[in-house]
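Novice: give me the fold of what follows.
(one chain, ligands or ions: 2)
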Amino acid sequence: MGKLKENLNGTTGRGRLLAVAMSFVAAAGVIALAPTAAQAETTGEHCVLDVVTEELTCADSPEAALAANSQGLLADTVLVRFYDQTNYEGATSTRSVPGSYTCSAAYTPVEYTITNMGSFNNKPSSVHTYSSCEVKLFDNSSATGTSSTWIDNLANRDTAAGGWSNRTSSYQIS
Ligand SMILES: [Ca+2]
Ligand SMILES: [Ca+2]
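Specialist: Ligands and ions are numbered 1, 2, ... in the order given. Okay, here's the model as predicted:
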């Protein structure tokens with residue numbers, strides 16, 4: 001009932017991903033000494049997927065899901081949050097990375113490619129990005145098919161050229 005599942009194999013990254021992953025590994029020794037992280041919830045209509053650790057957490061609010069997904073002292077940084085409804089309402093799907101992260105100003109090279117939307121396939125009707133990131137939406141998986149322009153925040157994705165409400169099977173972050 002309301003349980004959301006997402007494909008954990010659906011994320012790949014380039015560029016800074018390796019550096020972020022390595023710094024995460026370097027910090028892991030410190031994390032191991034910290035108190036045990038709270039048990040992650042797996043049900044709820046608000047889900048956060050860390051694109052580096054591939055940890056998926058769902059809860060009753062985006063904030064609760066993000067908090068449960070953060071590793072000890074290493075809080076996750078949100079890159080993008082999709083909403084099922086317009087005006088940033090309804091169920092959400094969030095992508096984050098461990099620790100601090102800011103997208104570079106240039107669109108190329110692309111920083112992350114999210115190859116599928118999991119349970120949020122063709123669902124988002126509004127989108128909000130963070131940490132200087134923008135998203136480019138694709139009709140098909142693995143960043144193929146027709147694509148949108150780069151989008152920052154959009155309360156109604158039908159206002160994007162081509163109409164992108166309830167339409168997205170993969171996307172890029174940069
Ligand atoms: Ca929708
Ligand atoms: Ca960039």
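
Novice: from now on I want contacts and neighbour counts done on CA atoms only, so please keep to that.
Specialist: Fine.

Novice: so how far is residue 130 from residue 73?
Specialist: Using Cα to Cα, to the nearest Å, one obtains 20 Å as the distance from residue 73 to residue 130.

Novice: hmm, I typed the wrong one, I wanted residue 63.
Specialist: 14 Å.

Novice: between those two, who's got more neighbours?
Specialist: Ranked by neighbour count (other Cα atoms under 10 Å), residue 63 and residue 130 place residue 130 first, with 17 against 13.

Novice: not counting its neighbours along the chain, what's nearest the more buried one?
Specialist: Excluding the flanking residues, the one nearest residue 130 by Cα to Cα, 6 or more residues apart in numbering is residue 79, at 5.0 Å.

Novice: I'd say that neighbour and residue 99 touch.
Specialist: No: Residue 79 is not in contact with residue 99 according to Cα atoms under 8 Å; the separation is 11.6 Å.

Novice: tell me which of the two has more neighbours.
Specialist: residue 79 (25 against 18).

Novice: contacting residues for that one?
Specialist: By Cα atoms under 8 Å, 6 or more residues apart in numbering, the contact set of residue 79 is 94-97, 129-131, 133, 173.

Novice: ok, 10 Å please
Specialist: Contact criterion Cα atoms under 10 Å, 6 or more residues apart in numbering gives 50-51, 94-97, 101-103, 112, 128-135, 173-174 as the residues in contact with residue 79.

Novice: where does residue 161 sit: helix, strand or coil?
Specialist: When states are read from DSSP: H, G, I helix; E, B strand; the rest coil, the local structure at residue 161 comes out as coil.

Novice: just to revisit the earlier point, tell me the helix or strand right after the helix or strand encompassing the residue nearest to residue 130.
Specialist: Secondary structure assigned from DSSP states H and E places residue 79 in strand 76-85. Scanning the chain past strand 76-85 towards its C-terminal end, the next helix or strand to appear is strand 89-98 (assignment: DSSP H and E).

Novice: now do that next one: which elements does it pack against?
Specialist: In terms of contacts (3 or more Cα pairs under 10 Å, 6 or more residues apart in numbering; DSSP states H and E), strand 89-98 is packed against helix 16-31, strand 46-50, strand 56-59, helix 62-69, strand 76-85, strand 126-129.

Novice: can you list the strands that it pairs with?
Specialist: For strand 89-98, sheet partners with direction are given as strand 46-50 (parallel), strand 76-85 (antiparallel), following DSSP bridges.

Novice: what is the neighbour count of residue 159?
Specialist: Residues near residue 159, counting by other Cα under 10 Å: 11.

Novice: thought it was touching residue 165?
Specialist: Yes: A contact is recorded between residue 159 and residue 165 when judged using Cα atoms under 10 Å, the distance being 8.4 Å.

Novice: no further queries at this time; thank you.
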